[in-house]
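Student: here is my input; please provide its structure:
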Amino acid sequence: MARMTREESRTLTRSKLLASARAVFAREGYGGASVDRIAEHAGFTKGAFYSNFESKEDVFLQLLENTGVEEAEDLGHALSGIADPDAIIKAVASWANHHRKDPDTPLILYEMIRRARADATFGKRHEVLFHQNWLAVGTLLMPIFEGRQAPTDPLSLGALVMELTYGNALHFHSHPTAGDLVSLALKALRSSAPQQA
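Tutor: Purely as a prediction, here's the structure:
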C-alpha cells in the first residue's frame, strides 16, 4: 500500500475532523461541543484540529458549507440523465426522503438557528450559505417547467424543496414523508404553470 502524501494525509485528517464535528455538534449542541471533544472523537490532538481550523465556529461554518455543497451535488447525481419532468419530480422526492433519514443535519441546522439568535453577525454569515444552497438546488429543478412559464425563480424553488425536506414537524410523523410533500408541491407548481407560447 502506497504511503499517503502530506497533502493526502492533511485532507484525510480534515475530513475526519469534519465528520467528528458533525457528530459532536448534533449530539451536544454548539454550546456543549468543544474543540477538545471534536479532536478526541476523531482520534486526533487539539493541535491537529488547530492546524486545520481556526476555531469551533470555523469548523461549524465549514461543516455547513460542505453540507450545502454535498446536498446540491447529490441531487445533481440523482437527476443525471433525467429529462422528463415527472421523472425529475420522482427523483427529487426520493432524494428528499433519503436526506430526511439523516438525523444529524436537522439538529445541526437547529443549532445554527440557536446560535444566530444569540449572535446576529453569525446569522448574517450563514444567510449566504442558505442562499447558495437554495439557488443551486432550485437551478437543478427548473427543467420541470420545460415548455412552460416557470411560476417562480430558482432561489424560491430551492428554498421550498429544502424547507420541506428538513421541516420540523416531519420528525413526529411517518406520513406524509418529505418526499410526498416535495412531490405534491412540485407537481402543483408544474401543473399551474402556463404553457409557453
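Student: give me the next element, helix or strand, following the least confident helix or strand in the chain by mean pLDDT.
Tutor: Taking mean pLDDT, DSSP states H and E as the measure, the chain has helix 104-118 as its least confident helix or strand, at a mean of 78. Where DSSP states H and E defines the elements, the next helix or strand beyond helix 104-118 is helix 120-141.
Student: ok now that next one, how far from the chain's centre?
Tutor: 10 Å (C-alpha atoms, centre = their mean, to the nearest Å).
Student: what does stretch 174-182 give?
Tutor: The answer for stretch 174-182 is 18 Å, by C-alpha atoms, centre = their mean.
Student: gap between the two ends of that stretch?
Tutor: Using C-alpha to C-alpha, to the nearest Å, the end-to-end distance of stretch 174-182 comes to 15 Å.
Student: show the average pLDDT along that stretch.
Tutor: Stretch 174-182 shows a mean pLDDT of 87.
Student: for that stretch, list every residue counted as buried.
Tutor: Buried residues in stretch 174-182, counted by 16 or more other C-beta atoms under 10 Å: 177, 178, 179, 181, 182. Heads up, the C-betas are built off the backbone N, CA and C, glycines and all.
Student: now do the least confident helix or strand of the chain against helix 120-141, angle only.
Tutor: 140 degrees (axes from the mean of the first three to the mean of the last three C-alpha atoms, to 10 degrees).
Student: list the buried residues in helix 104-118.
Tutor: 105, 106, 108, 109, 111, 112, 115, 116.
Student: closest to residue 149 out of the buried residues of stretch 174-182?
Tutor: Closest approach between these and residue 149, by C-beta to C-beta: residue 182, at 21.3 Å.
Student: A helix includes the closest one, no?
Tutor: Yes: per DSSP: H, G, I helix; E, B strand; the rest coil, residue 182 lies within a helix segment.
Student: give the contact list for it.
Tutor: 89, 92, 93, 96, 161, 164, 165 (C-beta atoms under 8 Å, 6 or more residues apart in numbering).
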